[in-house]
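Student: need the 3D shape of this:
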Amino acid sequence: MAEVIENILTRKDFVSDQEVRWCPGCGDYAILSQVQKVFPTLGIPKHKFLIVSGIGCSSRFPYYMDCYGFHSIHGRAPAIATGAKLSNPDLSVWVITGDGDAMSIGGNHFIHVLRRNIDMNILLFNNRIYGLTKGQYSPTSEIGKKTVSTPMGSLDYPFNPPALALGSGGTFVARALDKEVKFMGSVIAESHNHKGTSFVEIYQNCNIFNDGAFANLTNRETKFSAKIILEDGKPMLFGDENNFGLKLDGSSLKVIEIGDKYSIDDALVHNVSDKNLGILISEMTYNENLPVPFGVFYKEDKLTYDDLMVKQIDDALISKGEPDLQSLVDGFETWEVK
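Tutor: Down below sits the predicted model:
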C-alpha cells in the first residue's frame, strides 16, 4: 500500500544539483527526464527510493536523481540492489544499467536476479555500443557491426535482452524507446506496479559512437511500419493506418495485410500472460521481416524471493525460537586448546 505523503512531490524534487555530463543530444537525457516525472506519481516517499547503477554512461544516473543512490561496480548492480532490498524491504529499488554493463561482465548477476524474482526494477539502456570507452562493439551490436574494435565487422551474434530475461524466468519483460517519451513513461510506471523483478529495455541513441542505430524506429517516414506497439487484449497491428498485422503461421509469426484476404479478426491478439507468445515476440527483435516490438511482452504473478525469505525467517522463529548469537558462533562442536 502506498504511504501517505504530506508534501506532494513534483519532478523538481527528484532533480539533483549535479551538472548532467552526458554528451549533448544523448538519449539518456530523455530517460532521466521521464524517470523524474514518473517517480512523483508513484505514491512513494522520496526517502524510500534507491537507485543502484553499475559502470557506463547510463550509470551516472544516480548523481542526477535527488534521492538515495549507489554508483556501484561493473556489472554488480543487481547484487548490491538485492542486498539493499532484502535488508530494507520497504525500499523502491531501481537498477540502472547498459547493454555492456548488464549483458557482458554483469550477465551472470543479471540472469540470477531475474531467476530469484527480487522485487526491484531494472532499466537497461541499450545503444548497442560501448559509449563510455569510446565506441567498441557491445554484446547487443548486430552482426557485421564495424567499430574501432571490429574494423571489418563483428562476428558475434548479438544478445537479445528480452529473450534472455524470459529465459531466465523474468516475470515482467518490456521495451521502450527514448524518443517516444510519453510511452516510455507509461512503461516505466507499469514496471513499478509489478510485484517482482521488472525488466525494461530502453533503446537509446548514442549520437557520438552509434548515431542513428534506431533511426528507422523514429523517422516519421518509416517508424509506423518498422515497429509495433503491444497492447494487452488488442490485435497486434502496425503500419501507417494499422493496415498490417501479425498472425501465427505454425509456430512462427508472419505479417499479414488487412484488406481483401485478411481482416482485423485474423490478427493475433496480444496476451501478456502467454509466455510462449512473449518468447515469439522477443525473437522478432533482429528479424528484418518483422516489426520491432515495444510495450509489455510478458508478465506473471509469482512469489518474490523477498516474500519467501520473510516467511522462512518467520517459520524459523516459530520452530526454533529467538536466535542466540553466541550459540550460533559456538556451533555444536567446540573445544578448548591448552
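Student: where along the chain do the helices fall?
Tutor: Under the criterion DSSP state H, helices of the chain are mapped to 28-38, 61-64, 77-87, 99-100, 107-116, 161-167, 181-193, 215-218, 223-226, 275-282, 305-320, 325-330.
Student: list the contacts for the residue lying closest to residue 109 once chain neighbours are set aside?
Tutor: Of all residues not flanking residue 109 in the chain, residue 78 sits nearest, at 4.3 Å (Cβ to Cβ, 6 or more residues apart in numbering). C-beta coordinates here come from the backbone N, C-alpha and C atoms, glycine included. The neighbourhood of residue 78, defined by Cβ atoms under 8 Å, 6 or more residues apart in numbering, consists of 95, 106, 109-110, 112-113, 122.
Student: where does the stretch 1-150 of the chain dip in pLDDT?
Tutor: 1-6 (pLDDT under 70).
Student: go again using 90 as the cut-off
Tutor: Scanning the stretch 1-150 of the chain for pLDDT under 90 picks out the ranges 1-7.
Student: how about the strands in it?
Tutor: 49-53, 68-71, 92-98, 121-126 (DSSP state E, counting those that start in this stretch).
Student: to residue 135, which of the ones you listed lies closest?
Tutor: Among those, the nearest to residue 135 by Cβ to Cβ is strand 92-98 (13.7 Å).
Student: now residue 294: closest residue in space that isn't a chain neighbour?
Tutor: residue 175 (5.1 Å).
Student: beta partners for the one you found?
Tutor: For residue 175, the beta-bridge partners under DSSP bridges are residue 201, residue 295.
Student: could you measure from it over to residue 262?
Tutor: Plainly put, residue 175 is 26 Å away from residue 262 if you go by Cβ to Cβ, to the nearest Å.
Student: neighbour count for these two, which is higher?
Tutor: Taking neighbours as other Cβ atoms under 10 Å, residue 175 and residue 262 compare with residue 175 leading, 26 against 14.
Student: how about that one, what does it touch?
Tutor: So residue 175 contacts 162, 187, 200-203, 293-295, 297 (Cβ under 8 Å, 6+ apart).
Student: how close does the most centrally placed residue in the chain sit to residue 274?
Tutor: Centroid-nearest residue in the chain: residue 200, 2.5 Å away (criterion: Cα atoms, centre = their mean). Using Cβ to Cβ, we find residue 200 at a distance of 19 Å from residue 274.
Student: likewise residue 188?
Tutor: To residue 274, residue 188 is 23 Å away according to Cβ to Cβ.
Student: cool, and residue 12?
Tutor: Residue 12 is 41 Å from residue 274, by Cβ to Cβ.
Student: go on, residue 140?
Tutor: 25 Å.
Student: between those two, who's got more neighbours?
Tutor: Just comparing residue 140 and residue 274: by other Cβ under 10 Å the higher neighbour count belongs to residue 140, 27 against 15.
Student: which non-adjacent residue is nearest the more buried one?
Tutor: Residue 140 sits nearest to residue 99 (Cβ to Cβ, 6+ apart), 4.3 Å away.
Student: and for residue 236?
Tutor: Closest to residue 236 by Cβ to Cβ, 6+ apart is residue 246, at 4.3 Å.
Student: what is the burial count for the one you found?
Tutor: 25.
Student: same thing with residue 239?
Tutor: Residues near residue 239, counting by other Cβ under 10 Å: 16.
Student: hmm, the residue nearest to the centre of the chain is touching residue 122, no?
Tutor: Yes - between residue 200 and residue 122 there is a contact under Cβ atoms under 8 Å: 7.0 Å.
Student: returning to what we had before: do you know which of the strands of the stretch 1-150 of the chain lies nearest residue 148?
Tutor: strand 92-98 (17.6 Å).
Student: what lines up beside the closest one in the sheet?
Tutor: strand 49-53 (parallel), strand 121-126 (parallel).
Student: neighbours of the residue nearest to residue 82 when sequence neighbours are not counted, how many?
Tutor: Nearest residue to residue 82, sequence neighbours excluded (Cβ to Cβ, 6+ apart): residue 118, at 5.3 Å. Look at residue 118: counted by other Cβ under 10 Å, it has 23 neighbours.
Student: now do the contacts for residue 118.
Tutor: Listed by Cβ under 8 Å, 6+ apart, the contact partners of residue 118 are 81-82, 85-86, 93, 196-197, 304-306.
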